[in-house]
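Trainee: Need coordinates for the following:
(4 chains)
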4 protein chains.
Amino acid sequence: MPTQWFAEEKVLKDPIHDWIYIKDPLIWNLINTRAFQRLRRIKQLGTSYLVFHGSEHSRLTHSLGTYETMRKLLSHFHRNHGWPDEERVEKLALCAALLHDIGHGPFSHSFETAFQTHHENWTQRILMEDSEVNGILRSVDEQFPQDVAGIIAKDSKYPLLVQIISSQLDVDRMDYLLRDAFNTGVIYGKYELERLIRVMRPYENDIVIKSSGIHTVEQYVLARYFMYTQVYLHHKTVGSDLLLRSVMLRAKALFGKGLLQYHPVELVPFFSKRESDIQVSEYLSLDESIMLHAFQRWRSESDPILADLASRFLDRRLFASVACDKQTEDSLQEMRDAFQATGLDPHYYLIYQEIATGGFLYKEGIRVIDEQGMLREIHEVSHLINSLVPEIRYRLYYPKDAITADGEFASLYDRLQQLKTGN
Amino acid sequence: MPTQWFAEEKVLKDPIHDWIYIKDPLIWNLINTRAFQRLRRIKQLGTSYLVFHGSEHSRLTHSLGTYETMRKLLSHFHRNHGWPDEERVEKLALCAALLHDIGHGPFSHSFETAFQTHHENWTQRILMEDSEVNGILRSVDEQFPQDVAGIIAKDSKYPLLVQIISSQLDVDRMDYLLRDAFNTGVIYGKYELERLIRVMRPYENDIVIKSSGIHTVEQYVLARYFMYTQVYLHHKTVGSDLLLRSVMLRAKALFGKGLLQYHPVELVPFFSKRESDIQVSEYLSLDESIMLHAFQRWRSESDPILADLASRFLDRRLFASVACDKQTEDSLQEMRDAFQATGLDPHYYLIYQEIATGGFLYKEGIRVIDEQGMLREIHEVSHLINSLVPEIRYRLYYPKDAITADGEFASLYDRLQQLKTGN
Amino acid sequence: MPTQWFAEEKVLKDPIHDWIYIKDPLIWNLINTRAFQRLRRIKQLGTSYLVFHGSEHSRLTHSLGTYETMRKLLSHFHRNHGWPDEERVEKLALCAALLHDIGHGPFSHSFETAFQTHHENWTQRILMEDSEVNGILRSVDEQFPQDVAGIIAKDSKYPLLVQIISSQLDVDRMDYLLRDAFNTGVIYGKYELERLIRVMRPYENDIVIKSSGIHTVEQYVLARYFMYTQVYLHHKTVGSDLLLRSVMLRAKALFGKGLLQYHPVELVPFFSKRESDIQVSEYLSLDESIMLHAFQRWRSESDPILADLASRFLDRRLFASVACDKQTEDSLQEMRDAFQATGLDPHYYLIYQEIATGGFLYKEGIRVIDEQGMLREIHEVSHLINSLVPEIRYRLYYPKDAITADGEFASLYDRLQQLKTGN
Amino acid sequence: MPTQWFAEEKVLKDPIHDWIYIKDPLIWNLINTRAFQRLRRIKQLGTSYLVFHGSEHSRLTHSLGTYETMRKLLSHFHRNHGWPDEERVEKLALCAALLHDIGHGPFSHSFETAFQTHHENWTQRILMEDSEVNGILRSVDEQFPQDVAGIIAKDSKYPLLVQIISSQLDVDRMDYLLRDAFNTGVIYGKYELERLIRVMRPYENDIVIKSSGIHTVEQYVLARYFMYTQVYLHHKTVGSDLLLRSVMLRAKALFGKGLLQYHPVELVPFFSKRESDIQVSEYLSLDESIMLHAFQRWRSESDPILADLASRFLDRRLFASVACDKQTEDSLQEMRDAFQATGLDPHYYLIYQEIATGGFLYKEGIRVIDEQGMLREIHEVSHLINSLVPEIRYRLYYPKDAITADGEFASLYDRLQQLKTGN
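Mentor: All right, here's what the predicted structure looks like:
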């Protein structure tokens, strides 16, 4: 019997990569930390599940997938390009991929806006201050945690690893496009992962693309384009986020005035302290189950605004919206006054929003190498990618059910109808 | 411009059925109730996500899928067999499919065991007593809610609808096999849905199978077999459920003695009342976010057992297990004493469990009709299905990390090792 | 027992559409004609299987798929837009979809170039002159065959049907993109068929797109872009076609001089007559099996050029190629002379080819309707589609194995190396 | 620039394995032989495409896939079990996988029955006698061709390689189940390839299965069960084969009497010589294009039987069939006489056929190893596999269109109707 009998790779079944392979106990131990397991209680796509009901997957699944994408990429690079040639570099790469999102909080972007936190800070602090995670990383060597943190923070003496973790073409995006497409049920996010990996190669401190791979990269960039325009920035998802933000802002305002009845201990630091004064252990005790429980309690707060907003969010009575334009901003004050007059606080109920659908499309950052070794930016060699322009859409969000055609909201109703038909 | 412009079917994107089609505002209104939206906060597969990380999907997604499967089946029956020929029957079928799981609570089976509730009861009560759901159903006619409830309860003057909702071959199973397979990433649960629908036909008060469809049904029955043996009853998932049950039983015991520090109002009725005394509104306020929040608080209960069990569950330090046999039961008392002696309460930490992997395989219930119109049970015409026998596995669950090879647990450790190697 | 028992839809299992549904015996009868069954012996993608080995599917499978796509589209239009409202129009649409490619010959484009035939002519003639096909169509009414032929020829009083069969957004392309992607194993050709159908609507004599469907159309247009640039116009596939054309041109030249030893009766009309003098029955007796048999015989023709070319094609010793530019054309004569000098006839062995990768991208032809009913061309509302520009690539094809670095081909070899490195 | 730039693995795009990786020029050279390329002109599933129109894939695609499955399996074995530890063994395994089907002729089984050839013989002869293939293999060492041939012939000093190429659980079946399922569009043939590979391990001279992999093997065995019963032995496919055999037998009989007008040189050896007298080069010149061309010519043979049979096959007017039983054999002579009386030669037109749907299911041959190292046959540990019993179906095939309810065939018609209804 070969001795490998007890030394087989551990595997996890994954709907995107089929299997996730783990050979290194270091990775296994990191997965089994409290900080990492917490990611099961944070959804990858925030409120998107209210629009695409399938997108209920957690940040844990994406973190495992980012690790596996890195593992595949390194295996290809090692086999065909002789890099990495050091085990420590491989470990750094795998740990950074696994842990790159460990600092995310509940409903990431809305929460960050409402409470002015930054998940990037928390990732750094967890790696350095959480004794469990830091201890496991330090088992490699004293410098190891700092090196992993540096790679994620893009401040590192391993610029190639920085590129692979976080750039226009990184293992983070490579996993989430496929995973989010899979779970929502759309096909927009699909591209040929294995082929993309094959056309990438390490070149000095960068990843470059073999020129025969231009169309493969186009496909990947378009996957991003479609996922952003069709899924991530779907106007109803934006509306769900705005509603969620209103809930949190109202609760915070009430807490500030001593008027919030239910305020679980886990939330108090975020209502009362600056980000830098919050402890890592306080941050790690927060997750979406606590938020959702709070929202349920807030249904019966004596403040009618919070009670209404929380019920709306839980029962999916989302804000409606109309497409408008930049000029709408000018007439906004007037509409806000009308809202105020009818008793609907416009701060929470009337939200004018710019949605930059192309904001994610940087023209620079992916370089192509031709057979003569010449390097060019992808947009110089791809008309398609060059054509992608940032579009800005403007929408006005409001509670459709409250603004009815007759009664006190009649003129507001007319005003919004006019926006809709463009008159 | 055709008038249908504003009268198009509403659609929801779904990863299993591609699109879910909704023509009837009745269905749309039911989806938008608080009771139905609550299902987003209850996972379809309970603790299974701790073993198959992808299975994070909620009961809401499965309920929508069951509706859509029913819609497809009725469309086929109507087109090819002229049934249903009444709109009211169609509405009954669609509503029953959509609402069949509305009474599920958090972590369904473990919760039900610990608190002795029954989701079937709650489904009935929600349909009849929740004013929002009941009111929408009653908008069809006064008798309608009772008729939907009767179909789900299998006590109905519409026996054919009962068959389609809940039998060996029903739209519930037809959706969840595909959905659970998809989310876990396994292929076991796949079968040919469209073909299965085509070989089914209404016959008197039953659904029968055209004889050319025997192999299609075999495929479906085997999908069940594989999903049960490989996924639903995976020994680690069973262990997760047992750990969860220990958490809840310990909390309940402490509450009974007035020793539970954190006991959210939502849980109190379940700690203190009999099922029949709990209000529908109390039941509906419960979901998994409240449970998970409680578990987090219980990490720091002064009771060390609850604190330990809750941490284990949240941080995924699951119970280990060894395969054993029926005889193990005889020596169980001795091991329990040993646990007790070392300070580990065996009531929570040493669990002997029978796992009936084939308990779901009823030999009867799917009938095949041949070209001469003769009816036979599927197991009479399929060797394969006839061969499926209920297997019972026995396992002993315990906290592996606590039982170490040396120190006070040494002899217990040896005892468990012996079980493992069969000596 | 419902009477539909014996009147169920016929179905064919299909890897793209899962099932193809046939209710109308008219369609069934057309499928079972000799002319239609002949399409099994003609590959959908010509010589593409020499590059993507999976693309071995026939024109018959695509014709069935085009029919099914039409059936789905009509079902959607009928359900949501009340059109078509006449059974005869539905029959016209289904027949035209099924038969649109019936005039294709073996290795379509290469054969047409070598023998100056036009499959469009033959489709018309088969519909009107083949007694079997014509007879089945005439069973509807006397005018029916002519009406089907007119729709396919784009000369019809049913302009909407013409649009659906043959336009920028037609059921032909809708099927082949998915089918070709599936068989080659690439994902480029995938787009959301069901969603595309849902955003299409009949409008006057045209198909227009609902404005919320712009990104769905973008996805479809990009599927075309990727399939053309990556698969259909892959430089090796172009080379296979050129090699095939050389085989056929050489055989034709030899036949003209009475020097072709093997010339099966099926090929003689094509060697000796003008297209218009060829009989329908002669045309229908030709397929790829006859061509492949001929190529095998030609391996041992006494003419060394034909023998070499035929062996190359059968044994997949394809022409190599170098990327070049428009200027290369100027120095072509010189290289041709060098070929001639070494005994390689440049007419067959040195081929300069323009490949217009964007030639398929018409800017016009898909109109979008917004909520106010205003119509615009898709490229006016989509930056992405507007950016697609026809690219022209230039390549020089030659037999790599014949042009070796030393010996008599040395200077030719050097010349081609220079082209390659751009000096 | 790393030196691997020009030394990357060659890849082929494949719809089943995504990519097929080729590192060894030996493999590349074998693929590019005339004998291997010939497999493009032989369909993997014979006449199955007349029933499942998608199954048009060739033996070449399956041969590439078998190679790739072997490559994956060896990579897993090498990584986890340290075998193979010699490069020559790896080369033997890869070559045997690639070439295992190289001796197949057109429409394999029907042709073999009609002409009494055996593809196994031809595989051996091609490896040893075809100068191109043999020469490439001999480039490894003198003994190499014989060793590859021995592995395929199951007469080898490498028993483990024999097991992997040809046993109950071999790379041949592992590829074709997936590939045939994919192309026909059914899902029956799917199983978890990657997981199956992971539970296999080399053990002495055999492959054994880890006991946790029993259900994975069950899934694979059931994939075979379903593919055989639903696809490979579909009664219409059996009918297509019988019709094809009738075509060939009739042509052979006519040739024997000097009455066959069209008899291409490629076929003459098969009409006139014993298998052992046929040359390898003669065998290799045969493929399905030659057969199909012959069938087309035979449409207009003066022998009405051959003309009819050939037209039926090409235009897909297949034989119909009725289920019957073993007793039918007794009354067969009477029906044959009736056929003869009406002028239909029963030798070609009335065929009684046993179809052994379970003949492929050997109870023995897959061994499971448990944690204590004990070995058992799979059927001893799997009820499901143990339950699979060989079924025999009996059918009577005849030309439905010729046997009409009135006229001279009336009583035959009645006789067949009686069989159908079981009277």
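Trainee: List the residues that contact the residue of the stretch 301-423 of chain A found nearest chain B.
Mentor: Here the stretch 301-423 of chain A gets closest to chain B at one residue, A:D315, 4.6 Å apart by Cβ to the nearest Cβ. Yep, even glycine has a C-beta here, placed from its N, CA and C like the rest. Applying Cβ atoms under 8 Å, 6 or more residues apart in numbering or on different chains, one finds that A:D315 lies in contact with B:N32, B:T33, B:R34, B:Q37.
Trainee: cool, and A:T61?
Mentor: A:T61 touches A:D14, A:Q44, A:R179, B:H53, B:G54, B:E56, counting by Cβ under 8 Å, 6+ apart.
Trainee: Could I get the average pLDDT for the strand or helix carrying it?
Mentor: Using DSSP states H and E, A:T61 maps to helix A:59-81. Helix A:59-81 carries an average pLDDT of 95.
Trainee: Pull that helix out as PDB, backbone CA atoms only.
Mentor: Extracted as PDB, the C-alpha positions of helix A:59-81 are listed here (Å, rounded to 0.1, in the frame of the first residue of the first chain):
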ATOM      1  CA  ARG A  59     -18.400  35.400   1.000                       C
ATOM      2  CA  LEU A  60     -17.000  32.200   2.400                       C
ATOM      3  CA  THR A  61     -17.800  30.300  -0.900                       C
ATOM      4  CA  HIS A  62     -16.200  33.100  -2.900                       C
ATOM      5  CA  SER A  63     -13.100  33.100  -0.700                       C
ATOM      6  CA  LEU A  64     -12.700  29.400  -1.200                       C
ATOM      7  CA  GLY A  65     -13.100  29.800  -4.900                       C
ATOM      8  CA  THR A  66     -10.500  32.600  -5.000                       C
ATOM      9  CA  TYR A  67      -8.100  30.300  -3.300                       C
ATOM     10  CA  GLU A  68      -8.800  27.500  -5.800                       C
ATOM     11  CA  THR A  69      -8.400  29.900  -8.800                       C
ATOM     12  CA  MET A  70      -5.000  31.000  -7.400                       C
ATOM     13  CA  ARG A  71      -4.000  27.300  -6.900                       C
ATOM     14  CA  LYS A  72      -4.900  26.500 -10.600                       C
ATOM     15  CA  LEU A  73      -3.100  29.600 -11.800                       C
ATOM     16  CA  LEU A  74       0.100  28.800  -9.900                       C
ATOM     17  CA  SER A  75       0.000  25.200 -11.000                       C
ATOM     18  CA  HIS A  76      -0.100  26.400 -14.600                       C
ATOM     19  CA  PHE A  77       2.600  29.000 -14.100                       C
ATOM     20  CA  HIS A  78       4.800  26.500 -12.300                       C
ATOM     21  CA  ARG A  79       4.400  23.800 -15.000                       C
ATOM     22  CA  ASN A  80       4.900  26.100 -18.000                       C
ATOM     23  CA  HIS A  81       6.900  29.000 -16.800                       C
END
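Trainee: Buried residues in it, which are they?
Mentor: Within helix A:59-81, the residues scored as buried using 16 or more other Cβ atoms under 10 Å in any protein chain shown are A:59-74, A:76-77, A:80-81.
Trainee: give me every residue that touches the residue of the stretch 1-150 of chain A at minimum distance from chain B.
Mentor: Using Cβ to the nearest Cβ, the closest approach of the stretch 1-150 of chain A to chain B is made by A:P15 at 3.5 Å. Contact analysis of A:P15 by Cβ under 8 Å, 6+ apart lists A:F182, B:G54, B:F182, B:N183, B:T184, B:G185.
Trainee: Between the residues you listed, which sits nearest B:P269?
Mentor: Nearest to B:P269 among the contacts of A:P15: B:N183, at 31.9 Å, using Cβ to Cβ.
Trainee: Wait, that closest one touches B:H57, no?
Mentor: Yes - using Cβ atoms under 8 Å, B:N183 is in contact with B:H57, at 4.9 Å.
Trainee: Tell me the spacing between A:S272 and chain C.
Mentor: 44 Å (Cβ to the nearest Cβ, to the nearest Å).
Trainee: Could you list which residues are in contact with A:K236?
Mentor: A:L50, A:V51, A:L318, A:S321.
Trainee: which element is it on?
Mentor: helix A:235-256.
Trainee: Restrict that helix to CA atoms and write it as PDB.
Mentor: What follows is helix A:235-256, C-alpha atoms only, in PDB (Å, rounded to 0.1, in the frame of the first residue of the first chain):
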ATOM      1  CA  HIS A 235     -31.700  49.500 -10.700                       C
ATOM      2  CA  LYS A 236     -33.800  47.400  -8.300                       C
ATOM      3  CA  THR A 237     -30.600  46.200  -6.500                       C
ATOM      4  CA  VAL A 238     -29.400  49.700  -6.200                       C
ATOM      5  CA  GLY A 239     -32.900  50.500  -4.800                       C
ATOM      6  CA  SER A 240     -32.600  47.700  -2.200                       C
ATOM      7  CA  ASP A 241     -29.200  49.000  -1.100                       C
ATOM      8  CA  LEU A 242     -30.600  52.500  -0.700                       C
ATOM      9  CA  LEU A 243     -33.500  51.200   1.300                       C
ATOM     10  CA  LEU A 244     -31.100  49.300   3.500                       C
ATOM     11  CA  ARG A 245     -29.000  52.400   4.000                       C
ATOM     12  CA  SER A 246     -32.100  54.400   5.000                       C
ATOM     13  CA  VAL A 247     -32.800  51.700   7.600                       C
ATOM     14  CA  MET A 248     -29.400  52.000   9.100                       C
ATOM     15  CA  LEU A 249     -29.100  55.800   8.900                       C
ATOM     16  CA  ARG A 250     -32.400  56.200  10.700                       C
ATOM     17  CA  ALA A 251     -31.400  53.700  13.400                       C
ATOM     18  CA  LYS A 252     -28.100  55.600  13.900                       C
ATOM     19  CA  ALA A 253     -29.900  58.900  14.100                       C
ATOM     20  CA  LEU A 254     -32.300  57.600  16.700                       C
ATOM     21  CA  PHE A 255     -29.500  56.100  18.700                       C
ATOM     22  CA  GLY A 256     -27.700  59.400  18.700                       C
END
